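1. Okay, sequence plus prediction incoming.
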Amino acid sequence: MTFAFLNPTLALINDAQKQKAETLIKILDNDNISIALAFSRLDAQNITVPNAETAYNEGLAHAKEAVSLMNEEKFSEASIEAVEAMQNFEETLKILEDASPVEPTATEVTAEDVISLKANITRAIEHIERLENLTTKAATAGYNTSAIEKRLGEVKQHLETATRKLYARNIEGAAEELCVAKTLLDELTEPFAKLTNLVKTSNTEKYLQEAEIRVSVTKANITLSATLTPEAKEDAITALNNSEISLANAREFIENNNVDEAVGELEVAKKWEEESDRAIATVAATPTSVAPTDESLTRAETAASP
């Protein structure tokens, strides 16, 4: 059987998720052929492998669901089901290979090469998607990413060509295209490291500026409060003074391009802000008090994740 999707309107949709789902489903067809050949060879030797049949049936169920979701234009969900089917198919082939009492035929060797190459291409495509997400965030923040975007486009073209050659069973040609794509990706390692550091530094400095203002305003509100006891004021102000020391340390680290240490100081500063909150928690809060937030710090810490 093959996993053809039937909705004729899909060809009109220019959607990256659609293309990814189509690619995965086409690869499933190749996997399915390889499994059928392996089963046939074992059947000819009167060998049955129940575990392989179970894994294969599970894979077929996921594959059929992927096609169904594809026809419903639920491309992201279809890709998830297709990946599940691939894992079941790969498990099936592994079980069949272990159960085979003879050396694999040339056809099976080719099938193994196809599966391995397909997995490498899929991983490369997923890596490109993560890099594209980071590039988009950086571009939105105002960084010049045109050179990186151009190179990513070149990498994608080579991966698309590799996929087409894989469908045509041109394994050598597909491997060459994948090799070129990986070489281009390696050349992006340093530019992406610099871009990641720039984004992380920018977000860290943004949080630092917000924290400096927040602590200053909060100290002023506590000082002017008519409802806090002297003891509560003293404890809260002391905590905020400690927070300001950590913020000053963080600024010095940023100026010395040591972002990781700066983030550590910002975490300490945040804890002192929380300590200030606890110091006045038992007393009625002033209407003008400002509660600290860690939202910006979270953004600074996670901005570099692709």
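-> Good, I have the coordinates.
2. Select the helix or strand of this protein having the lowest average pLDDT value.
-> Taking mean pLDDT, DSSP states H and E as the measure, helix 295-302 is the helix or strand of the chain with the lowest mean score, a mean of 39.
3. Mind checking what secondary structure residue 77 has?
-> Residue 77 falls in the helix class when you classify it by DSSP: H, G, I helix; E, B strand; the rest coil.
4. got the contact list for it?
-> residue 69 (C-beta atoms under 8 Å, 6 or more residues apart in numbering). C-beta: built from backbone N, CA, C; applies to glycine.
5. Residue 89 versus that one, what's the distance?
-> Residue 77 sits 19 Å away from residue 89 when distances are taken as C-beta to C-beta, to the nearest Å.
6. Check residue 187 too.
-> 34 Å.
7. who has more neighbours, the two?
-> residue 89 (25 against 11; other C-beta atoms under 10 Å).
8. how about that one, what does it touch?
-> Counting by C-beta under 8 Å, 6+ apart, residue 89 touches 28, 31, 32, 35, 55, 56, 59.
9. residues near residue 242, how many?
-> Applying other C-beta under 10 Å, I find that residue 242 has 17 neighbouring residues.
10. Please identify the helix or strand for it.
-> Residue 242 is part of helix 230-255, with elements assigned from DSSP states H and E.
11. List the buried residues of that helix.
-> Neighbour-count burial for helix 230-255, counted by 16 or more other C-beta atoms under 10 Å, picks out 232-233, 235-237, 239-240, 242-244, 246-247, 249-251, 253-254.
12. just stretch 17-36 next, same as before
-> So for stretch 17-36, counting by 16+ other C-beta under 10 Å, buried means 17-18, 20-28, 30-32, 34-35.
13. Stretch 161-172 now?
-> Residues of stretch 161-172 classed as buried: 161, 162, 163, 165, 166, 167 (neighbour count, 16+ other C-beta under 10 Å).
14. For residue 145, grab phi and psi.
-> Residue 145 has phi and psi values of phi -120, psi 20 when expressed as degrees, to the nearest 10.
15. Quick check: can you list the domain ranges of this protein?
-> What automatic domain parsing lists as the domains of the chain is 10-102, 109-187, 192-302.
16. give me the number of residues near residue 189?
-> Neighbour tally, residue 189, other C-beta under 10 Å: 9.
17. Point out where this protein drops to low pLDDT.
-> Across the chain, the ranges flagged by pLDDT under 70 are 1-15, 101-112, 282-306.
18. run the last query once more with 50
-> Applying pLDDT under 50 to the chain flags residues 5-14, 108-109, 284-306.
19. hey, where'd the helices end up in this structure?
-> Applying DSSP state H to the chain gives helices spanning 16-44, 50-71, 75-99, 106-140, 146-167, 171-187, 189-224, 230-255, 259-279, 295-302.
20. quick check: angle from the third one to helix 50-71?
-> Direction vectors for helix 75-99 and helix 50-71, defined by axes from the mean of the first three to the mean of the last three C-alpha atoms, to 10 degrees, enclose an angle of 160 degrees.
21. Mind listing what's buried along helix 75-99?
-> So, applying 16+ other C-beta under 10 Å, buried residues of helix 75-99: 75, 77-86, 88-93, 95-96.
22. One more: stretch 181-200?
-> Those would be 181, 182, 184, 185, 188, 192, 195, 196, 198, 199, 200, for stretch 181-200 by 16+ other C-beta under 10 Å.
23. now, among the residues you listed, which is nearest to residue 277?
-> residue 200 (27.4 Å; C-beta to C-beta).
24. in terms of contact, does the closest one touch residue 259 like I think?
-> Yes - judged on C-beta atoms under 8 Å, residue 200 makes contact with residue 259 at a distance of 5.4 Å.
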